[in-house]
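>>> using only what follows, build the 3D model:
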Amino acid sequence: MRRRALLAAPILALPTLAPAQQTAAFRVYSCARDRTGSHHLAEIDWRDGTLRLIPLPGRGHHVAVSPETPWCAAPARRPGDWLLLWNRRTDHHTLLRPPAGYFFTGHAVFAENPQFLYCSAQHTNTSRGAVLVVDTFAREPRFSGALDTHGIGPHAIAFDPRHRHLVVCNGGLQTHPVRRREVTNAAHFASSLVRLSLTGERISQHVAEPGLSLRHLDLDNTGRAVVAAQVPAGAAAGVDTALVWLENPIGGPLQAASWQHGLHHTLQGYLGDVRWQGHGDVIATSAPSASVLRLGERIAVNMHTDVSGVAVSPVGTVLSDGLGRLVVHGGRKRRFDLAFDNHLSCLES
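This next block holds a predicted model:
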């Protein structure tokens with residue numbers, strides 16, 4: 001797992017939590033690797049640290065959790081040829097393979113109708129982006145359709161319940177049809193943030209700055225997106241190109257977050273997980289090869305090493321890392337004999 005650190009850009013600093021807050025009932029979900037090299041979907045009950053491990057056929061990336069149903073979904077890391085659906089109540093597992101000609105790109109989301117799961121994917125030969133739709137209420141979960149993302153190489157996907165939109169990061173990176181992690185267009189590509197209706201109609205689409213691949217996103221309580229980007233190897237981007245971008249307004253053009261001047265070199269052109277905190281007054285995101293926690297004008301160096309996932313919980317910001325640590329910022333810590341993967345999800349019990 002690549003080394004990561006935490007970068008946060010808030011208007012208000014995150015509070016230290018009282019002991020009573022630390023025992024709030026919620027569960028944490030992440031893909032993880034154990035010391036034998038086996039991969040799992042991990043569920044942790046924060047109150048007592050109870051750990052459940054669901055075997056995965058390979059390395060996962062992100063875990064989508066339905067608050068209305070017992071389903072969890074873990075797509076394989078790009079280029080993925082499986083999707084695990086796990087029923088938390090019955091412990092039933094279903095493994096789905098993508099339709100012919102597609103592979104998964106690591107992310108999925110449940111929308112307002114919990115029957116449907118939306119998975120980011122791309123065409124194997126052309127890298128054309130798609131959202132594969134899974135019907136989880138069928139007798140056996142099955143694919144029920146595919147939506148065009150109007151771009152190539154999609155990665156993160158989110159659902160905006162206020163406007164009933166799917167929001168997708170089209171990374172813009174074309175990959176070799178056989179060596180599927182090999183990027184073939186790093187010198188010239190176009191990345192975009194697109195909003196789709198649940199039936200696939202394109203609502204809006206805005207192209208990123210040249211040389212930036214939009215990878216991860218989160219939505220605040222109004223539906224506005226914050227997007228984390230990376231500069232792929234071989235791409236032509238400015239030496240101080242912003243890596244965090246905001247919709248302004250919702251569905252409108254992307255605007256660089258103003259607080260990140262001078263950070264591009266420190267972060268080595270890459271940001272991973274990104275989250276709004278509170279009511280949209282804090283942005284937190286993980287980044288490799290740096291150890292920075294930014295709170296307003298204050299910068300705390302060497303906050304954590306190998307930080308990967310960032311999520312919002314009832315007790316505040318939760319971080320995970322490749323050393324098996326789960327940390328509530330300013331509060332309680334837990335450690336497991338695991339290496340957590342890139343992303344983290346939380347759900348109130």
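>>> mind checking the SS state of the nearest residue to residue 44 once chain neighbours are set aside?
Nearest non-adjacent residue to residue 44, counting by C-beta to C-beta, 6 or more residues apart in numbering: residue 28, 4.4 Å away. Glycine gets a C-beta too; all of them are placed from N, C-alpha and C. Classification of residue 28 by DSSP: H, G, I helix; E, B strand; the rest coil places it in strand.
>>> my guess is residue 28 contacts residue 41. True?
No - assessed by C-beta atoms under 8 Å, residue 28 is found out of contact with residue 41, at 11.5 Å.
>>> ok, the nearest residue to residue 184 once chain neighbours are set aside to residue 324 distance?
Once flanking residues are discounted, residue 184 sits nearest to residue 174: 5.1 Å by C-beta to C-beta, 6+ apart. From residue 174 across to residue 324, the span is 35 Å (C-beta to C-beta, to the nearest Å).
>>> ok, residue 34 next?
Applying C-beta to C-beta to residue 34 and residue 324 gives a distance of 9 Å.
>>> where does this structure dip in pLDDT?
For the chain, applying pLDDT under 70 flags the ranges 1-23, 237-240, 259-266, 278-281, 288-305.
>>> again, only this time at 80
Scanning the chain for pLDDT under 80 picks out 1-24, 234, 236-240, 258-272, 277-308, 329-331, 349.
>>> before we move on, the earlier item: joint contacts of residue 34 and residue 324?
337-339 (C-beta atoms under 8 Å, 6 or more residues apart in numbering).
>>> which among those residues end up buried?
Buried members of the shared contacts of residue 34 and residue 324, counted by 16 or more other C-beta atoms under 10 Å: 338-339.
>>> re earlier: who's in contact with the residue nearest to residue 44?
With C-beta under 8 Å, 6+ apart, residue 28 has these contacts: 42-44, 46, 311, 313, 318, 320, 326, 344-346.
>>> okay, those in JSON lines with neighbour count and secondary structure next?
Converted to JSON lines, the contacts of residue 28 look like this (neighbours: other C-beta atoms under 10 Å; DSSP: H, G, I helix; E, B strand; the rest coil):
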{"residue": "42", "neighbour count": "28", "secondary structure": "strand"}
{"residue": "43", "neighbour count": "21", "secondary structure": "strand"}
{"residue": "44", "neighbour count": "25", "secondary structure": "strand"}
{"residue": "46", "neighbour count": "24", "secondary structure": "coil"}
{"residue": "311", "neighbour count": "22", "secondary structure": "strand"}
{"residue": "313", "neighbour count": "19", "secondary structure": "strand"}
{"residue": "318", "neighbour count": "26", "secondary structure": "strand"}
{"residue": "320", "neighbour count": "33", "secondary structure": "strand"}
{"residue": "326", "neighbour count": "25", "secondary structure": "strand"}
{"residue": "344", "neighbour count": "27", "secondary structure": "coil"}
{"residue": "345", "neighbour count": "19", "secondary structure": "strand"}
{"residue": "346", "neighbour count": "20", "secondary structure": "strand"}
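>>> closest to residue 230 out of those?
Nearest to residue 230, judged by C-beta to C-beta, of the contacts of residue 28 is residue 344 at 18.7 Å.
>>> how about that closest one, nearest residue that isn't a chain neighbour?
In this structure, residue 344 finds its nearest non-sequential neighbour in residue 309, 2.7 Å apart by C-beta to C-beta, 6+ apart.
>>> tell me the bridge partners for the residue nearest to residue 44.
residue 44, residue 346 (DSSP bridges).
>>> give me every residue that touches residue 150.
Counted by C-beta under 8 Å, 6+ apart, residue 150 has contacts 129, 170, 192, 194, 202, 205.
>>> what's the following helix or strand after the one helix or strand it maps to?
Element membership for residue 150 (DSSP states H and E) is strand 142-152. As assigned by DSSP H and E, the chain's next helix or strand after strand 142-152 is strand 154-160.
>>> and for residue 128, the neighbour number?
Residue 128: 20 surrounding residues under other C-beta atoms under 10 Å.
>>> now swap in the one 5 residues further on and tell me
For residue 133, the neighbour count with other C-beta under 10 Å is 19.
>>> which one is it nearest to, not counting chain neighbours?
Per C-beta to C-beta, 6+ apart, closest to residue 133 is residue 145, 4.4 Å.
>>> any idea how far residue 236 is from that neighbour?
37 Å.
>>> the more surrounded of these two?
Using other C-beta under 10 Å, the more surrounded residue of residue 145 and residue 236 is residue 145, with 14 against 11.
>>> and the helices in this protein?
Under the criterion DSSP state H, the chain contains helices at 19-22, 264-267.
>>> now do stretch 331-338: distance to the chain's middle.
Relative to its parent chain, stretch 331-338 has a centroid offset of 21 Å by C-alpha atoms, centre = their mean, to the nearest Å.
>>> again but with stretch 201-217, I slipped
Centre-to-centre, stretch 201-217 and its host chain are 15 Å apart (C-alpha atoms, centre = their mean).
>>> before we move on, what about stretch 329-342?
Offset of stretch 329-342 from its chain centre (C-alpha atoms, centre = their mean): 17 Å.
>>> with stretch 187-195 instead?
Relative to its chain's centre, stretch 187-195 lies at 17 Å (C-alpha atoms, centre = their mean).
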